[in-house]
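Student: show me the folded form of this:
(one chain, ligands or ions: 1)
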Amino acid sequence: MADFRRWRRKVGGGPRQEAAPEVDMPTGGDLNRLFSDPPLLHTWDEGQTWNTGGFSGPDLRWLADLCGAYPAAAVAETGAGCSTLAFLWATTGPVVTIAPDAELRGRIEAAASEYGVSLSSWTFLDERSELALPRLADGGHRVDVALIDGGHGWPTPFVDFCYLNRMLGNGGTLILDDLQLHSVGELARLLVHQWGWERVSDAPSQKTISLRKVSDEPFLPDWGGQPYIVERSSGQKTGYENYGLGS
Ligand SMILES: C[S@@+](CC[C@H](N)C(=O)[O-])C[C@H]1O[C@@H](n2cnc3c(N)ncnc32)[C@H](O)[C@@H]1O
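Tutor: The predicted structure follows:
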């Protein structure tokens with residue numbers, strides 16, 4: 001079995017951004033190590049530095065625990081990384097990961113081997129979620145747990161939500177990561193005020209929340225049935241003055 005640290009050096013990984021204790025790698029992998037010393041799968045500066053991708057060990061444990069509410073949770077996620085390993089660790093159900101990044105897929109496969117995580121129930125779609133999710137939803141794909149953590153610019157998190165909402169049933173779990181970003185923050189504010197949705201728990205880092213879907217509706221109602229939009233629209237001036245769009 002390849003040593004993940006050696007492999008990372010070979011592909012040009014830079015110094016760790018987070019201090020982590022050196023742990024001897026037991027033969028056959030160490031599943032719990034995923035939550036104490038997650039692999040550094042991401043680089044945002046062409047290999048100068050490597051990082052976990054945003055989820056700390058406790059956050060990864062929290063993600064895995066959310067799957068425990070279902071006997072063999074079917075999972076879909078936009079974006080890929082340590083969250084993928086946590087889901088594959090947590091469920092024997094199918095895990096679909098969508099990210100337009102073949103190299104990241106290779107790093108996840110190497111880390112899975114190193115950490116002893118089985119990939120037998122994994123499907124990786126090397127494409128944008130805006131293209132993959134409509135196809136999955138049209139095909140009747142259903143999930144119990146959905147993580148939105150792919151593209152974070154507007155409108156991608158909302159596009160992801162639109163199709164993952166169709167794929168989630170009553171009782172399903174939706175996870176939103178990176179609430180510090182205005183795009184995801186607005187989606188979270190919309191849903192915590194929305195009937196048919198209940199806030200369940202927050203990740204230890206408090207940048208991620210989970211919500212439970214408590215309705216059979218595949219779509220949200222139009223704006224009049226969205227308390228957040230009604231509240232934010234009431235008392236507003238008409239036209240473009242509201243949003244600084246005037247001349
Ligand atoms: C913050 S990282 C994902 C973190 C991941 N959940 C983890 O645990 O490491 C963002 C990811 O979104 C992917 N991504 C960016 N734009 C995307 C899009 N339009 N559709 C799907 N994935 C996208 C990137 O390839 C990257 O893997």
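
Student: from now on I want contacts and neighbour counts done on CA atoms only, so please keep to that.
Tutor: OK.

Student: which of the three states applies to the closest residue to Cys67 other than its chain neighbours?
Tutor: Nearest non-adjacent residue to Cys67, counting by C-alpha to C-alpha, 6 or more residues apart in numbering: Ala73, 5.7 Å away. Three-state assignment for Ala73 (DSSP: H, G, I helix; E, B strand; the rest coil): coil.

Student: I'd guessed Ala73 sits against Trp89; true?
Tutor: No. Between Ala73 and Trp89 there is no contact under C-alpha atoms under 8 Å: 11.3 Å.

Student: how near is Leu211 to the ligand?
Tutor: Look at Leu211 and the ligand: by C-alpha to the nearest ligand atom, to the nearest Å, they are 17 Å apart.

Student: ditto for Thr123
Tutor: 14 Å.

Student: surely that residue forms part of a strand?
Tutor: Yes. Applying three-state DSSP, one finds Thr123 inside a strand.

Student: and it, how many neighbours?
Tutor: Residues lying near Thr123 (other C-alpha atoms under 10 Å) number 13.

Student: quickly find the element holding the residue nearest to it when sequence neighbours are not counted.
Tutor: Excluding its sequence neighbours, the residue lying closest to Thr123 (C-alpha to C-alpha, 6+ apart) is Val96, at 4.8 Å. Assigning secondary structure by DSSP states H and E places Val96 in strand 95-98.

Student: phi, psi for Ala72 please.
Tutor: phi -150, psi 80 (degrees, to the nearest 10).

Student: number of residues surrounding the spatially closest residue to it that is not a sequence neighbour?
Tutor: In space, and not counting its chain neighbours, Ala72 is closest to Gly93: 4.6 Å by C-alpha to C-alpha, 6+ apart. Using other C-alpha under 10 Å, Gly93 has 20 neighbouring residues.
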